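> Sequence first, predicted coordinates after that:
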Amino acid sequence: MTMTPAQADKVLADNFAPWVLDLGLTVESLGDDRAVLRLPWSQRLAREDGGLSGQALMAAADTATVIAVSAARGAFVPMTTVQQSTSFQRAVTGSDVLITAVLTKLGRRMAFADITLTDSASGDLAARASTVYALTG
């Protein structure tokens, strides 16, 4: 029950805190078991060395999971993060980041996902994450 990117962007607008919306995330594409979001480069999100902050990347990975679950369910359902683990591999400087969340298991009460975050200019892997969600609604 995949939704359209426009519907997924509305899920973002309607269900996330203002500081998450300030990241400027947009939905690039959706599938039955995945969502691809774009985190636009912003100096505001950069660390003193010019690399995007880990906090912004982790929030983007977390958000992409919610969109992937919503797309698989056909609509937003209340959920909460149970666990997130992130490994950073290289800094992203001056480039957007593509966040791909792939659901590895979607049950009635729990969802699991693997997320890759790549530098959109080079295609280099910047980070990997895994998430576990409790579906509360």
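Good, I have the coordinates. Numbers count the residues shown, from 1 in each chain.
> Can you show me the strands along this protein?
Using DSSP state E, the strands of the chain run over residues 26-31, 34-39, 79-88, 97-106, 110-119, 125-135.
> pLDDT below threshold where in the protein?
The chain contains residues with pLDDT under 70 at 1.
> go again using 90 as the cut-off
Counting by pLDDT under 90, the chain contains low-confidence ranges at 1-2, 48-50, 137.
> can you point me to the longest helix in it?
helix 54-73 (DSSP state H).
> thinking again about what came up before, tell me which of the strands of the chain is the most buried.
strand 34-39 (a mean of 24; mean count of other CB atoms under 10 Å). Any C-beta I mention is one placed from the backbone N, CA and C, and that applies to glycine too.
> And the contacts of it?
Contacts to strand 34-39, defined as CB atoms under 8 Å, 6 or more residues apart in numbering, come from residues 8, 23-30, 45, 52, 56-57, 60, 63-65, 67-68, 71, 96-103, 117, 120.
> residues of stretch 52-66 that come out buried?
Across stretch 52-66, burial judged by 16 or more other CB atoms under 10 Å covers 52, 56, 57, 58, 59, 60, 61, 62, 63, 64, 65, 66.
> Only C-alpha atoms, please: export it in CSV.
Taking C-alpha atoms only, stretch 52-66 is exported to CSV below (Å, rounded to 0.1, in the frame of the first residue of the first chain):
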residue,chain,number,x,y,z
LEU,A,52,27.1,17.6,8.6
SER,A,53,26.4,17.0,12.3
GLY,A,54,25.8,13.4,13.4
GLN,A,55,22.6,14.6,15.2
ALA,A,56,21.1,15.8,12.0
LEU,A,57,22.0,12.5,10.2
MET,A,58,20.6,10.5,13.0
ALA,A,59,17.3,12.5,13.0
ALA,A,60,17.1,12.0,9.3
ALA,A,61,17.6,8.2,9.6
ASP,A,62,14.9,8.1,12.3
THR,A,63,12.5,10.1,10.2
ALA,A,64,13.1,8.0,7.1
THR,A,65,12.0,4.9,9.1
VAL,A,66,8.7,6.5,10.0
